[in-house]
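Visitor: Give me a 3D structure for the following:
(2 chains)
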Amino acid sequence: MLQETCFHCGLKCDASIQVDKKFFCCDGCKMVYKLIDENGLCQYYDLSELPGVKAKGHFVSTKFDYLDNAAIQEQLIQFKLGDQAHVTFYLPQIHCVSCVWLLENLNKINPGIIHSRTHFEKKEIKLIYNPTLISLKELVQLLAFVGYEPVIHLGGNDWLKKKKVNKKQLYKIGIAGFCFSNIMMLSFPEYLSNDALELGSLRHFFIYINLLLSLPVLLYSANGFFISAYTGLRQKWLNIDAPIALAILVTFGRSAYEILTQTGAGYLDSMSGIVFFMLIGRWFQDKSYDSFAFDRDYNSFFPLGVTVLEQGKEVNKLLSDLVKAEIVLIKQDEMIPADAILLTEGALVDYSFVTGENAPIALQVGQLAYAGGIQKGRAIELEVVKPVGQSYITVLWNSPLLPTDKNEEKSFVHPWSQYFTIVLFTIAIVSGIYWSIYDTHKILPAVTAVLIVACPCSLLLTVTFTYGNVLRWLGKRKLYCKNASVIEAIHKIDTIVFDKTGTLTNHDDTHLEYKGKWLSKDEMVAVKSITRESLHPLSQMVTRFLMIQVSEITQVQKIENFIGKGTKATCDKFEIIIGSLAFLKSNGIEQQEHYEGALVGLGINGIFKGVFKINHTYRIGIDRMIQQLLKQGYQLHLLSGDHPTEQANLVKILGQEIPMLFEQSPDDKLQYIHQLQKRGRRVMMIGDGLNDAGALRKSNVGIAVTDQTHLFTPASDAILEGGQMYNLKNLIDYAKKAKLIIVFIFILSIIYNIIGMYFATSARLSPMVAAILMPISSISIVALSALLSYLFSSKLRAYN
Amino acid sequence: MAVIVLLILVSVLVAGGFLLAFLWSVKTGQMDDDYTPSVRILFEDNIKVDQKEELKILPSSK
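Guide: Numbering: from 1, shown residues only, chains lettered A, B, ... in the order given. Reported below is the predicted structural model:
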């Protein structure tokens, strides 16, 4: 039995690998532990429980050879001078305190590293190193060795720009907050005065300082609203910022007029307060998940460099420089970068990421291998037939069916703001006409007061804060949305399309089942001893399966591997044939029963014994979640790239009513979504692999499912952690409730507006009323939005 | 009462000082990461390393 856990990564293992009375699951983990131990960094294991990332087992040393290329180095290194170079890497594996500790103590492992700093939330590390002591390649190799392989992306300095935008927003909030609080304080005498206080000339002093303080708010903090309103108007489109910009301008204009003519104190406190609150609301809503990338294209999935054979010599080349007819060398666990024809034997390609098919496929010489497959066998040579950008899988990205501006910031508040503006102007005009009949002196005060009070800020505040809260609650339940408009898109969903492999099933947790005649202990030992010799993934699965049953190992006398077919071997008194059923048949072993699915057949001494069947494990709670969704009236579909062998099983779990399509190519999936949308359905696609990438982008809401958020996910609108699939219905429900919250709070803000309107239209809006109404409405909206989104999330929390 | 003018100028100046401090902290990136520093401060210098180094030094210095 497997009783021990790996000291480094926590995987269940046997007691065969042991150092310092600590057990390890593999040599890789042991080596990482030794390195950490030798450098006195064992505190790594004390700071958090089982911090290690499972070592890759073997280390392909040529993988990062492309980093020796000077042009690539130039793109990656941010600063270089003499014996100092600065570089920043994205390390998605960072997950705990220990990670931070180890990474910031890298200089103890290699003296060439001068300084390292991690950024936990962005999962970044900034390294300062001495290029004369350690090369960039060695640096990346060291990071990869200790389990933090950087994700290297060339030519993208987008994150730098993003950072600057964020800072600007903080500056604006800081300045608006400063001016708002000071103006508020200096307005106090004005609220209380009524000539009770003998202020005299001091009063003017206060007011002039207020006017001065309001300038930075108008000119700097609020400029985002003016710019947005201006660009909207130029495109003949009245967005929500237009009435807000108008309100700010009118408020400032009237206040400045009152102050300069010494007729009043104006409403500068309300103006700067509103700007301050709205900026906070925007910042709150825009807080994004920095460490996730939602818009990856195929480039992120492919390696940057590739080994090319030129006149028998291995040359490293950038993937983008790869052209037709070149011969590439693909080693074990490397990805085939372009559609290519196989030249040498031994190809065993895992297409699970491209097609969703579970078992690796053996290819013959001369067959076409598609880009995106991962070679599982030994090194192979291939001749490129199509450049990377035109390969089967990459062409998907250029499909004309794909929308270009999906879920961009175009909120449903914008159309509302048009009605709002119309109503606002009507009220202003009516009150203007009314006063022109009764008291012409009050026309201007009444009209401007209407524009001041009835600013759509409360609408904007409601929306930004509610979406911000909902995004956070969904994030806590491991559904990470790209932005707030994704929540709006979820509101309209009526159809959900699921992928099978990796979405409904668990990628990492396939388990074997033995079906057939009983095996004696000696037989099991013999089979295990043979399968452990092979690197074939199915063979390794059989080994792991038998490892739980028996622990001994015997000597294998004769072993013969047939690539892509199976293994023939002699061990003890047994002559064992293990492999595909066709392979068994060709060796004269026939079976009567009919088996389906991914299988490994076993024959001993010429007699058929049974099969090892690979079973998909479905994620927990899927069946109930599906029933709940059906009950709510969603139309459900299932698209799978895999063979229909699992159909009977799926029907059992999902029921009869759901349309199921199998052997779907990535393009089929995309077309299917397109057809659904043509029929007026609003589709949510839930998938995981590169094969779903087109469908995810075509759908109205594409959710990528992943078991480890640090792994690559295709471009999507949201990322869901696999373990939360059972919660999907509640997550969708919650996102839909956001609209309810907004409508509810909006009614409240209309009440505030009506009260304000009463004062405004009767031309009695004193600075005091405005100063009370503004903070009360703003703060109550923010508080209510937080409270309601908390209350509605109770169902989400209950599932934890 | 005229002293109020002075007091208010001082108070605005003090508040302005805090505003500048805030702007400076944003500019130098102190608001970028609100998690790692709180962890970093708890790391102790590794004692084990020191012991090992001492052991290495002792025999050679004899």
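Visitor: And the closest residue to A:K167 other than its chain neighbours, which helix or strand is it part of?
Guide: Nearest in space to A:K167, with sequence neighbours left out and distances taken as Cβ to Cβ, 6 or more residues apart in numbering or on different chains, is B:V26 at 5.5 Å. From N, CA and C alone the C-beta is placed, and that goes for glycine too. Using DSSP states H and E, B:V26 sits within helix B:3-27.
Visitor: May I see the buried residues of that helix?
Guide: Judged by neighbour count using 16 or more other Cβ atoms under 10 Å in any protein chain shown, the buried positions of helix B:3-27 are B:8, B:12, B:19, B:22-23, B:26.
Visitor: With stretch A:764-782 instead?
Guide: A:765, A:767, A:769-771, A:773-775, A:777-778, A:781-782.
Visitor: Send over that stretch as PDB, restricted to the C-alpha atoms.
Guide: Output of stretch A:764-782 as PDB, limited to C-alpha atoms (Å, rounded to 0.1, in the frame of the first residue of the first chain):
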ATOM      1  CA  ARG A 764     -34.500  76.300  -2.700                       C
ATOM      2  CA  LEU A 765     -31.400  74.000  -3.000                       C
ATOM      3  CA  SER A 766     -29.200  75.400  -0.300                       C
ATOM      4  CA  PRO A 767     -25.500  74.200  -0.100                       C
ATOM      5  CA  MET A 768     -26.500  72.600   3.200                       C
ATOM      6  CA  VAL A 769     -29.200  70.300   1.600                       C
ATOM      7  CA  ALA A 770     -26.800  69.300  -1.200                       C
ATOM      8  CA  ALA A 771     -24.100  68.700   1.300                       C
ATOM      9  CA  ILE A 772     -26.300  66.400   3.300                       C
ATOM     10  CA  LEU A 773     -28.000  64.600   0.400                       C
ATOM     11  CA  MET A 774     -24.800  63.800  -1.400                       C
ATOM     12  CA  PRO A 775     -22.900  61.800   1.300                       C
ATOM     13  CA  ILE A 776     -26.000  60.100   2.600                       C
ATOM     14  CA  SER A 777     -27.000  58.800  -0.800                       C
ATOM     15  CA  SER A 778     -23.500  57.800  -1.800                       C
ATOM     16  CA  ILE A 779     -22.700  56.000   1.500                       C
ATOM     17  CA  SER A 780     -26.000  54.300   1.800                       C
ATOM     18  CA  ILE A 781     -25.700  53.100  -1.800                       C
ATOM     19  CA  VAL A 782     -22.200  51.700  -1.200                       C
END
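Visitor: Tell me which helix or strand comes right after the helix holding B:V26.
Guide: Helix B:3-27 is succeeded, C-terminally, by helix B:36-40 (DSSP H and E).
Visitor: Flag the shaky bits of the stretch 301-450 of chain A, pLDDT-wise.
Guide: A:301, A:353-359, A:393, A:395-415 (pLDDT under 70).
Visitor: how about the helices of it, start to end?
Guide: A:352-355, A:413-438, A:443-453 (DSSP state H, counting those that start in this stretch).
Visitor: Let me see the mean pLDDT of stretch A:606-619.
Guide: Regarding stretch A:606-619, the rounded mean pLDDT is 80.
Visitor: How about that stretch, which residues are buried there?
Guide: A:608-614, A:616, A:618-619.
Visitor: Per-residue confidence, A:K515, what does it come out as?
Guide: For A:K515, pLDDT reads 79.
Visitor: and A:D46, how many neighbours?
Guide: 10 (other Cβ atoms under 10 Å in any protein chain shown).
Visitor: That one falls within a strand, correct?
Guide: No - secondary structure of A:D46 (DSSP: H, G, I helix; E, B strand; the rest coil): helix, not part of a strand.
Visitor: State the pLDDT value of it.
Guide: For A:D46, the predicted pLDDT is 76.
Visitor: Quick check: it vs A:V19, distance?
Guide: Distance of A:D46 to A:V19, given as Cβ to Cβ, to the nearest Å: 17 Å.
Visitor: can you check A:G516 too?
Guide: For A:G516, the distance to A:V19 - Cβ to Cβ - is 39 Å.
Visitor: Comparing the two, which residue is more hemmed in?
Guide: A:G516 (16 against 13).
Visitor: Tell me what the more buried one is bridged to.
Guide: A:G610 (DSSP bridges).
Visitor: Give me the subset of the buried residues of stretch A:606-619 that lies in strands.
Guide: Within those, membership in strands is found for A:608-614, as judged by DSSP state E.
Visitor: May I ask which two of those residues are separated the most?
Guide: A:F608 and A:I614 (18.6 Å; Cβ to Cβ).
Visitor: one step back: reformat the buried residues of stretch A:606-619 as TSV; add distance to A:N730.
Guide: Formatted as TSV, these follow (distance: Cβ to Cβ, whole Å):
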residue	distance to A:N730
A:F608	48
A:K609	47
A:G610	42
A:V611	40
A:F612	38
A:K613	34
A:I614	32
A:H616	24
A:Y618	19
A:R619	15
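Visitor: and of those residues, the nearest to A:Y434?
Guide: For these, with A:Y434 as the reference and Cβ to Cβ as the criterion, the closest is A:R619, at 65.0 Å.
Visitor: burial count for the closest residue to that closest one other than its chain neighbours?
Guide: The shortest distance from A:R619 to any non-neighbouring residue, by Cβ to Cβ, 6+ apart, is to A:M725 (4.7 Å). For A:M725, the neighbour count with other Cβ under 10 Å is 23.
Visitor: Please name the residues that touch A:M725.
Guide: Residues near A:M725 by Cβ atoms under 8 Å, 6 or more residues apart in numbering or on different chains: A:503-504, A:619, A:621-622, A:625, A:705.
Visitor: so the residue of chain A found nearest chain B, which of the three states?
Guide: Here chain A gets closest to chain B at one residue, A:G40, 3.7 Å apart by Cβ to the nearest Cβ. When classified by three-state DSSP, A:G40 comes out as coil.
Visitor: quick one: pLDDT of it?
Guide: For A:G40, the predicted pLDDT is 77.
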